[in-house]
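K.L.:
Generate a structure from the sequence data that follows.
(chains A and B)
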Amino acid sequence: MTAKVKSMIQCVVVLCAIALCSGLILGLFNKLTWVDPQKDVLDKFATLSGTDAAFEMIEKDNGKTYFFAKSKEENPTYALYVGGKGGFGGEVKMYVFVKGGVITGVEVGENSETYIDKLENAGFIDAFVGKELATLSIPSGSDLVSGATKSSTAVADAMKTAKEYFASYLQGGNA
Amino acid sequence: MKNAKLYRQTATDGIIAKNPVFCLVLGMCPTIAMTSSLEQAVAMGLATTFVLVFSNLIVSVLRKLIPDKIRIPCYIVIVSTFVIMVEMVMKKFMPDLYSTMKVFISLIVVNCIILARAESFASCHTPFLSAIDGFSMGIGFTLALSLLGIIREFITTGKFYGMTIVSGWPQMGAGAAGAFGFICVGVVMALFNYVREKALEPKKGGKE
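P.N.:
Have a look, this model is predicted:
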């Protein structure tokens, strides 16, 4: 075996050994830090909805509606985790809670916006609470928050997604 | 005695004399992108410090085993292992922060500070000294990012670490923009180096 071949074999062996060790360490770490996305969202629903009941998943990954669940109660609270496009930093995800057709809670989820607190201070997000989702008027134009137009657009788009998805769910006779 | 002086110098070099942001001008991408708020700046700095310390340590331990021809791919595998660990821990324990920093955590793998220190220091020094160098560079990076984060967050929102300092502060979107980040880095870098040079001057005079 020539020196060149020996050198090549040494390079391959060392690189494979390092990659193998990295893989084993990462596999162990993954086991220790695994986050079940579905359980994570259901826990978030339970925390943010204000109800004491646990939530069960109805549907997930339906277009811009990422999760749709309902609470395990007689008069259930429906929870949607939806995405709205048009934000300054991309998509803005929102938690929307509906009980008896009325929006009982709206919370901002994953986003890369810098002006979400501007929307909150202007009452833009809280304005959706207490309104009927089926007949919700989606803000646009002058209704959006000045100086945070793109963030407001994304939040409005998320509420529109929630409205359309919930309407189609009800039309399916699932209420 | 000699060793103690070397360790002390290594421990302090990364913070002032060889600050990776203001002196070595490394890691500019996360510096500009992650200093729009102090929280993000500190998180990025600490994540990079963790990766720097352990990647320097492992590279130094394996320095005699890794052939010269494949040193860069080996360093990248080692660095990326620690970056993925950081990502997993943040996803589990700090999901809100993770969701805003996702892309930039992955970019720590190709942060020039980490590869530069692995190549220029860890590959030719002992593990303990390499770890100290990684820690020093990481702390220097974190402090630089924190300083920029304080300035930019205050200018943009009038806040410090999310807490309102000046109520009624006009929201200045330009503060979060990349262009302002460059200007901020340039100004702070000039001031830092001016103060550093002034601080060193009497010592130079004494030696002459």
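
K.L.:
what about residue B:132, which helix or strand?
P.N.:
helix B:127-157 (DSSP states H and E).

K.L.:
Show me what that helix is packed up against.
P.N.:
The contact analysis (3 or more C-beta pairs under 8 Å, 6 or more residues apart in numbering or on different chains; DSSP states H and E) places helix B:127-157 against helix B:2-13, helix B:28-33, helix B:38-61, helix B:112-120, strand B:159-160, helix B:178-207. (C-beta placed from N, C-alpha, C; glycine too.)

K.L.:
Can you name the next helix or strand after the fifth one?
P.N.:
Next helix or strand after strand B:159-160 toward the C-terminus (DSSP H and E): strand B:163-164.

K.L.:
For chain B, what lies in contact range of chain A?
P.N.:
B:36-37, B:62, B:65-67, B:69-70, B:73-74, B:77-78, B:80-81, B:84-85, B:88-89, B:91-92, B:95, B:99-100, B:156-157, B:171, B:173, B:176 (C-beta under 8 Å from any C-beta of the partner chain).

K.L.:
mind redoing it with 6 Å?
P.N.:
Counting by C-beta under 6 Å from any C-beta of the partner chain, the residues of chain B close to chain A are B:67, B:69-70, B:74, B:77, B:81, B:84-85, B:88-89, B:91-92, B:99-100, B:171, B:176.

K.L.:
low pLDDT regions in chain B?
P.N.:
In the predicted model of chain B, residues B:1-2, B:171-176, B:203-208 satisfy pLDDT under 70.

K.L.:
Distance check, residue A:25 against chain B.
P.N.:
Separation of residue A:25 from chain B (C-beta to the nearest C-beta, to the nearest Å): 6 Å.

K.L.:
Over to that residue. Which of the three states is it?
P.N.:
Put simply, residue A:25 is helix when judged by DSSP: H, G, I helix; E, B strand; the rest coil.

K.L.:
That one and residue A:41: what is the separation?
P.N.:
Distance from residue A:25 to residue A:41, counting by C-beta to C-beta, to the nearest Å: 29 Å.

K.L.:
Those two: which is more packed in?
P.N.:
residue A:41 (20 against 14; other C-beta atoms under 10 Å in any protein chain shown).

K.L.:
that older thread, write the PyMOL selection for whichever of the residues of chain B next to chain A are buried.
P.N.:
Burial among those is assessed by 16 or more other C-beta atoms under 10 Å in any protein chain shown; the matching PyMOL selection reads:
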select buried, chain B and resi 70+74+77+81+84+85+88+89+91+100+171+176
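
K.L.:
Most widely separated two among the residues of chain B next to chain A?
P.N.:
B:67 and B:171 (54.8 Å; C-beta to C-beta).

K.L.:
Contact distance from chain B - what residues of chain A qualify?
P.N.:
A:10-11, A:15, A:18-19, A:22, A:26, A:29, A:33, A:35, A:110, A:112, A:114, A:147.

K.L.:
again, only this time at 7 Å
P.N.:
A:7, A:10-11, A:14-15, A:18-19, A:22, A:25-26, A:29-30, A:33, A:35, A:110, A:112, A:114, A:118, A:147 (C-beta under 7 Å from any C-beta of the partner chain).

K.L.:
ranges for the helices of chain A?
P.N.:
A:3-33, A:37-49, A:116-121, A:149-171 (DSSP state H).

K.L.:
Out of those helices, which one sits most buried?
P.N.:
helix A:149-171 (a mean of 21; mean count of other C-beta atoms under 10 Å in any protein chain shown).

K.L.:
quick one on the thing from earlier: roughly how far out does the helix holding residue B:132 sit from the chain middle?
P.N.:
Distance of helix B:127-157 from the chain centroid (C-alpha atoms, centre = their mean, to the nearest Å) equals 5 Å.

K.L.:
do the same with stretch A:151-158
P.N.:
In terms of C-alpha atoms, centre = their mean, the centre of stretch A:151-158 is found 14 Å from the chain centre.

K.L.:
How about the contacts made by the residue lying closest to residue A:154 once chain neighbours are set aside?
P.N.:
Nearest in space to residue A:154, with sequence neighbours left out and distances taken as C-beta to C-beta, 6 or more residues apart in numbering or on different chains, is residue A:87 at 3.4 Å. Shown in contact with residue A:87 (C-beta atoms under 7 Å, 6 or more residues apart in numbering or on different chains): A:111, A:113, A:150-151, A:154.
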